[in-house]
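Asks: got a predicted model here, sequence first, then my questions.
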Amino acid sequence: MPLALRERLLSFSLPATDGSTVSSEQLAAAPVLGVVFWCNHCPYVKAWEDRMIALQREYAGRGVRFVMISSNDPVAFPDDSFAAMQTRAREKAYPFPYLFDETQEVARTFGATRTPEVFLFDRERVLRYHGAPDDNMEDPAAVTHRYLRDAVDALLSGRDPVTSTTPPKGCGMKWKK
Amino acid sequence: MKIEFLYWEDCPSHPEALARLRDVLRAEGVDDAVEIIRVDSQDDADRHRFPGSPTIRFDGIDLQPEGVQGSAMLACRTYRTEADRLSPLPTVVMIRQAVRTARLSRSGGS
């Protein structure tokens, strides 16, 4: 079962593609924190990638932070190896940390099952939105419900997100055998 | 026309892809049966030369041959659309184009 709405962020500390280690405590100042289960190989991630980059850039000035975590088994999916993650983050100039959950423990504690899968927390690090970034993975121009953006806006304004859960839509998590 | 639709259950794009395929076939007046092949294991993937889910072939030719790279594997497949976007499933335009190309090949056209 995924983390439920109103549950608190589960702390983590993971290696990032830039060589640092990023912990949830280091992100404590952010008024809104998005933990997004992510990876390299999945076409759903690729479809949403530029939108997530743009969203982070747009909201960075307001302190909003996204953290991408790949928990996939890199043995089964070499495209999701740490080295490949580093390459991807560099090529796309990721404006967010891209973390490697090698033991898959973070994904298991969050109950994440898909990539991408968004967990959005408020200032108190209470889960306020869980699900997909928006309602049209294929065509940004055809999006009618911007779930993540709207939830971020709501939290920044001290309001409850109108939509707090949507089904995550993406590739299945690649668990180790 | 031999039409094959191969999918892996774990990748959620296949119902929409199959619906699009059926819509295009109907619109194009193609009434040949679609052979639906479920790929469940790496052995299946190897046997069917499965590059990812979903995969659509017309007379054995992949809908986007340039997207078939490397070894067969159980994974979601990435398509590059006519709008130059990456997507987990082919667009209606892509499917329609592949159907017309296959029909042209059958009729001896080029």
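Replies: Received it, and whenever you're ready, just let me know what you need.

Asks: what parts of chain A come near chain B?
Replies: A:41-44, A:46-47, A:77, A:137-139, A:169-172 (CB under 8 Å from any CB of the partner chain). (Glycine included, C-beta is placed from N, CA and C.)

Asks: those: which two are farthest apart?
Replies: A:F77 and A:D139 (26.4 Å; CB to CB).

Asks: the more surrounded of those two?
Replies: A:F77 (20 against 13; other CB atoms under 10 Å in any protein chain shown).

Asks: and residue 21, what does it touch?
Replies: Chain wasn't specified; assuming chain A. Applying CB atoms under 8 Å, 6 or more residues apart in numbering or on different chains to A:T21 gives the contacts A:13-15.

Asks: not quite, I wanted chain B
Replies: Per CB under 8 Å, 6+ apart, neighbours of B:L21: B:3, B:5, B:34, B:56, B:95.

Asks: rerun that using 6 Å as the cut-off
Replies: Shown in contact with B:L21 (CB atoms under 6 Å, 6 or more residues apart in numbering or on different chains): B:I95.

Asks: looking at this, it is in a helix?
Replies: Yes - the assignment for B:L21 is a helix, going by DSSP: H, G, I helix; E, B strand; the rest coil.

Asks: tell me the helices in chain B, going along the chain?
Replies: B:14-27, B:42-47, B:92-106 (DSSP state H).

Asks: excluding its backbone neighbours, what's nearest the most centrally placed residue in chain B?
Replies: In chain B, the residue lying closest to the centroid (CA atoms, centre = their mean) is B:I56, at 1.5 Å. Nearest residue to B:I56, sequence neighbours excluded (CB to CB, 6 or more residues apart in numbering or on different chains): B:L63, at 4.4 Å.

Asks: what's the local residue count around the one you found?
Replies: 23.

Asks: how near is it to A:G172?
Replies: 23 Å (CB to CB, to the nearest Å).

Asks: check A:E58 too.
Replies: 30 Å.

Asks: give the contact list for A:R90.
Replies: With CB under 6 Å, 6+ apart, A:R90 has no contacts at all.

Asks: I misspoke; the intended subject was B:H48.
Replies: Contacts of B:H48 by CB under 6 Å, 6+ apart are B:L6.

Asks: thinking again about what came up before, shouldn't the residue nearest to the centre of chain B be in contact with B:D62?
Replies: No - contact criterion CB atoms under 6 Å: B:I56 and B:D62 do not qualify, at 7.5 Å.

Asks: hey, what's the nearest residue to A:F121 once chain neighbours are set aside bridged with?
Replies: Leaving out its chain neighbours, the residue that sits closest to A:F121 by CB to CB, 6+ apart is A:L33, at 4.7 Å. Beta-bridge partners for A:L33, by DSSP bridges, are A:R65, A:F121.

Asks: just give me the neighbour total for A:L33.
Replies: Other residues within reach of A:L33, judged by other CB under 10 Å, total 22.
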